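need a structure here:
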Amino acid sequence: MNLSHPRVLQMLMDSLRYWCTAFNIDGFRFDLGVTLGREGHGFDPGSGFFDAIRQDPILSTRKLISEPWDIGPDGYQVGNHPPGFAEWNDKYRDGVRRFWRGDAGMRPDLAARLTGSAELFNRHFRKPWASVNFVASHYGFTLADVTAYTHKHNEANQEGNNDGHNENCSANWGVEGPTDDPAILDLRERHARSMIATTLLSLGTPMMLGGDEFGRTQRGNNNAYCQDNEISWIDWDAAHTPARP
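Purely as a prediction, here's the structure:
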């Protein structure tokens, strides 16, 4: 789809306005959002799509969130979207995980994450809410798995465990996966609570993955898009009896 074509852009804008006016949708999260800002010379925060949506009397009042990367050239654009857009901040995710994992030299990075990642977002009159802070999302490890697995375990995906990220900035705290050791379980739970508290207390827009609040696990699978079963489902009974991976 060529978003620079006026007819294509008009159709997209009409669709977004329809969802807002007909269904009272209060915002949009654009997957692989860098694609929306691509012009003939590459990514441009002043692209036709960004300019159109920011000037629209309806859409400019809605919450606009971009996943600030895609798989094209120069596809990593965290901090480079225009004012009015918030962005998923994966530097926040990795920095907070590494700090609570105990990596050396992470205090300066944590300070930057707690104060809104200003080195990324404090430009062009953007506000701290532009940083969408998270430690887990719908892809990758759940929060519980960040504290229970050092390595991904994607064998159920039948790709030879070659899919998904290899570096998850995670730690198992003594045992890979499930354990009955109360000391390890306590340590895991304290680290999970610490990461949740960090997210909620940081400047920016906090985002939490559903189920993380009660210890949802994907059994170490960090790419569960192809699993329509207990691996990817949310066990709502666990909300009453928190599960331990």
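
List the buried residues of the longest helix anywhere in the chain.
Longest helix of the chain, by residue count under DSSP state H: helix 182-201. Neighbour counts over helix 182-201 (16 or more other C-beta atoms under 10 Å) mark 184-185, 188, 191-192, 195-196, 198-199 as buried. Where C-beta positions appear, they are placed from N, C-alpha and C, glycine not excepted.

Looking at those, which is nearest residue 62?
If you rank the buried residues of helix 182-201 by distance to residue 62 using C-beta to C-beta, residue 199 comes first, at 23.4 Å.

residue contacts, the residue nearest the centre of the chain?
Taking C-alpha atoms, centre = their mean as the criterion, residue 137 is the residue nearest the geometric centre of the chain, at 4.7 Å. By C-beta atoms under 8 Å, 6 or more residues apart in numbering, the contact set of residue 137 is 88, 93, 207, 209.

Not counting sequence-adjacent ones, nearest residue to the third one?
So the one you mean is residue 207. residue 134 (4.1 Å; C-beta to C-beta, 6 or more residues apart in numbering).

Go ahead and confirm that neighbour touches residue 210.
No: with contacts counted by C-beta atoms under 8 Å, residue 134 stays clear of residue 210, the gap being 12.0 Å.

Quick check on residue 113: phi, psi?
The phi and psi values for residue 113, taken as degrees, to the nearest 10, are phi -70, psi -40.

pLDDT wise, what is it at?
Note for residue 113: predicted pLDDT of 98.

Contacts for the longest helix of the chain next, please.
96-97, 100, 110, 113-114, 133-135, 143-144, 146-148, 171, 173-175, 179, 206-208, 212-213, 215, 244-245.

Put the alpha carbons of that helix into PDB.
As requested, the backbone C-alpha atoms of helix 182-201 are provided in PDB (Å, rounded to 0.1, in the frame of the first residue of the first chain):
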ATOM      1  CA  PRO A 182      10.200 -21.600  48.100                       C
ATOM      2  CA  ALA A 183      13.300 -19.400  48.200                       C
ATOM      3  CA  ILE A 184      13.500 -19.200  44.400                       C
ATOM      4  CA  LEU A 185       9.700 -18.600  44.100                       C
ATOM      5  CA  ASP A 186       9.900 -15.800  46.600                       C
ATOM      6  CA  LEU A 187      12.800 -14.300  44.700                       C
ATOM      7  CA  ARG A 188      11.000 -14.500  41.400                       C
ATOM      8  CA  GLU A 189       7.900 -12.900  42.800                       C
ATOM      9  CA  ARG A 190       9.800 -10.000  44.400                       C
ATOM     10  CA  HIS A 191      11.600  -9.300  41.100                       C
ATOM     11  CA  ALA A 192       8.300  -9.300  39.200                       C
ATOM     12  CA  ARG A 193       6.700  -6.900  41.700                       C
ATOM     13  CA  SER A 194       9.800  -4.700  41.500                       C
ATOM     14  CA  MET A 195       9.400  -4.400  37.700                       C
ATOM     15  CA  ILE A 196       5.700  -3.700  38.000                       C
ATOM     16  CA  ALA A 197       6.400  -1.000  40.600                       C
ATOM     17  CA  THR A 198       9.100   0.500  38.400                       C
ATOM     18  CA  THR A 199       6.800   0.700  35.400                       C
ATOM     19  CA  LEU A 200       4.000   2.400  37.400                       C
ATOM     20  CA  LEU A 201       6.300   4.900  39.100                       C
END
